[in-house]
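A.B. asks: With the sequence up front, the predicted model follows.
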Amino acid sequence: DCTVPIDKERILVCIGRDANGDQDAALQAANKSLHAQLAVAAWPQALQRNIVMDLDAESPGTLSLPRLLASDEGRRSLNMSLANFVQVTDVDVATLAEGLPPNLCDLSLNFAGCLHVTNEGVAILANNL
């Protein structure tokens, strides 16, 4: 809920409705988009802490960054840099590949300086496109 009731009304009007006039579907899409954006922002830090697959230690199994990112069916582009993260491996690339949203048209990933990313990791990524 909002601290000022009129703010809630304004937010709902701004989000609008989906193509079928369904406000609930539009709200779900907005939530998925916000969750995915937070997943992208948190990914590098979570990678360093080895918690990409399970971000919430208090509720294990409930907060997976790949699952949040993949749920954003409206996302058409993704730009993520993991450049110079020396701990990035093929497994991490595969995890990212699993999280790619289904309707991506534009993908920009940077693994420069990631010495443990091999052709195998890139192949896994390519197979998920």
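C.D. replies: Yep, it's here.
A.B. asks: what's around the closest residue to Ser64 other than its chain neighbours, how many residues?
C.D. replies: Nearest non-adjacent residue to Ser64, counting by C-beta to C-beta, 6 or more residues apart in numbering: Met53, 5.4 Å away. No exception for glycine: its C-beta is placed from N, CA and C like everyone else's. For Met53, the tally of surrounding residues (other C-beta atoms under 10 Å) stands at 15.
A.B. asks: mind listing what's buried in the helix ranked longest in the chain?
C.D. replies: Counting by DSSP state H, the longest helix found in the chain is helix 23-49. Neighbour counts over helix 23-49 (16 or more other C-beta atoms under 10 Å) mark 26-27, 29-30, 32-33, 35-36, 39-40, 42-44, 46-47 as buried.
A.B. asks: What of stretch 88-95?
C.D. replies: Within stretch 88-95, judged by 16+ other C-beta under 10 Å, the buried ones are 88-90, 92-95.
A.B. asks: Next, the contact list for Leu129, please.
C.D. replies: 100, 104, 107 (C-beta atoms under 8 Å, 6 or more residues apart in numbering).
A.B. asks: how about the helices in this structure?
C.D. replies: Counting by DSSP H, the helices of the chain are 5-15, 23-49, 65-70, 90-98, 119-127.
A.B. asks: residues contacting the nearest residue in space to Ser71 that is not next to it in sequence?
C.D. replies: Sequence neighbours aside, Lys32 is the residue nearest to Ser71 in space, at 4.9 Å (criterion: C-beta to C-beta, 6+ apart). Counting by C-beta under 8 Å, 6+ apart, Lys32 touches 71-74.
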